[in-house]
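*Asks:* okay, predicted coordinates and the sequence, questions at the end:
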Amino acid sequence: MEFPIEKIFSPSTGVDLVLNLNSLHPVSMSSIIYDVDTNVQKFIIAKPLQAVKTNVKYKEMHITTIIRQKNNTKQRVGLKCIPTGSSNKYKLANGKNISVIFLKYALPVIKTNIRSGYRLPLSKKFSTEAEIIDGKTKFYSSKEFIIRDISLSGMGLIIPKKIKKTVNPLTKLKIHHQAKINISLLVDKVDKAVSEITADFEIKRININFNELSFLMGIQFIKLPTEKEDELNRFIHRAQVDELKRLSGV
């Protein structure tokens, strides 16, 4: 199947710049296309929030986006690319100077699939609420734990050592312990979540010395359904693009 580049990668398209796409640990960074020149196969995109060094030869770099196909299913597609330069004074139509990087891409457009390692720090606009279900016991965010960040593979949780004067039961859980979590993805703190996700998880790391009052716990999702992974990916991407727009004044 051929993918017409001019209908996919156009100005204002939200994209993900992916390093090491085919590795076990790809790194994904959200951006926006500002300009395209198909004659010389170049993109100008907003500089991602994570640093991209234009003087480094990356082993593998792709620019990707999600398209809707004729059967109404979604597919992530991308192009191999390399950074060729950058500017902190690229002028938009509104006269504002922003930071960009220049990319040289290579055809053809190909199907891609990534599990992003990017962890989204939560904000006032893009936030989550959750409950952990461990057997017959339930624990709630902002009470027994605080959600620090979220990614396609898992979450970072801050676990207070005590709740009032009582030891927090979550501090007794060990690495490799498995339980279930229900997550509500929220935008602008509206009453209705943009998505509800239920997933099994396993505790992968615990830092008991995170600070004087809290543990840091890293959990990994187990077999997150594809449709829920897509919903979470859209949420993370929206948050990253919103932050890029805020920083660039778009």
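*Replies:* That came in fine, so what should we check first? Numbering: from 1, shown residues only.
*Asks:* give the pairing partners of the lengthiest strand in the chain; include direction for each.
*Replies:* Taking DSSP state E as the criterion, the chain has its longest strand at strand 74-91. Strand 74-91 has its sheet partners listed here by DSSP bridges as strand 61-68 (antiparallel), strand 97-111 (antiparallel).
*Asks:* most packed of the ones you listed?
*Replies:* With neighbours defined by mean count of other CB atoms under 10 Å, none of these is more surrounded on average than strand 61-68, at a mean of 19. C-beta here means a position set from N, CA and C on the backbone, and glycine is covered the same way.
*Asks:* check what contacts that strand and list those residues.
*Replies:* Contact with strand 61-68 is made by 3, 8-9, 13-19, 21, 43, 45, 74-83, 103, 105, 112, 114, 233, as judged by CB atoms under 8 Å, 6 or more residues apart in numbering.
*Asks:* now do the buried residues in the longest strand of the chain.
*Replies:* 76-81, 83, 86, 90 (16 or more other CB atoms under 10 Å).
*Asks:* do the same with stretch 213-220
*Replies:* For stretch 213-220, the buried set under the neighbour-count rule, 16+ other CB under 10 Å, comprises 214-220.
*Asks:* got a list of what the closest residue in space to Leu170 that isn't next to it in sequence touches?
*Replies:* Spatial nearest neighbour of Leu170, chain neighbours left out: Ile159 (4.9 Å); criterion: CB to CB, 6 or more residues apart in numbering. For Ile159, the contact set (CB under 8 Å, 6+ apart) comprises 144-145, 168, 170-171, 214-217.
*Asks:* next: Gln41.
*Replies:* Here Gln41 is in contact with 104-107 (CB under 8 Å, 6+ apart).
*Asks:* sorry, back to before: restricted to strands, list the contacts of Ile159.
*Replies:* Among the contacts of Ile159, the residues falling in strands (DSSP E) are 214-217.
*Asks:* would TSV of those with pLDDT be doable?
*Replies:* Putting those into TSV (pLDDT from 0 to 100) gives the following:
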residue	pLDDT
Ser214	94
Phe215	93
Leu216	94
Met217	95
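*Asks:* format these as JSON lines; extra columns: distance to Val36.
*Replies:* Output for the ones in strands among the contacts of Ile159, formatted as JSON lines (distance: CB to CB, whole Å):
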{"residue": "Ser214", "distance to Val36": "46"}
{"residue": "Phe215", "distance to Val36": "47"}
{"residue": "Leu216", "distance to Val36": "42"}
{"residue": "Met217", "distance to Val36": "43"}
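*Asks:* return the distance of whichever helix in the chain runs longest from the chain's centre.
*Replies:* If you go by DSSP state H, the chain has its longest helix at helix 226-248. When C-alpha coordinates are averaged (CA atoms, centre = their mean, to the nearest Å), helix 226-248 and its chain have centres 6 Å apart.
*Asks:* next, the angle strand 74-91 makes with that helix.
*Replies:* On the basis of axes from the mean of the first three to the mean of the last three CA atoms, to 10 degrees, helix 226-248 is oriented at 10 degrees to strand 74-91.
*Asks:* this completes my enquiry, with thanks.
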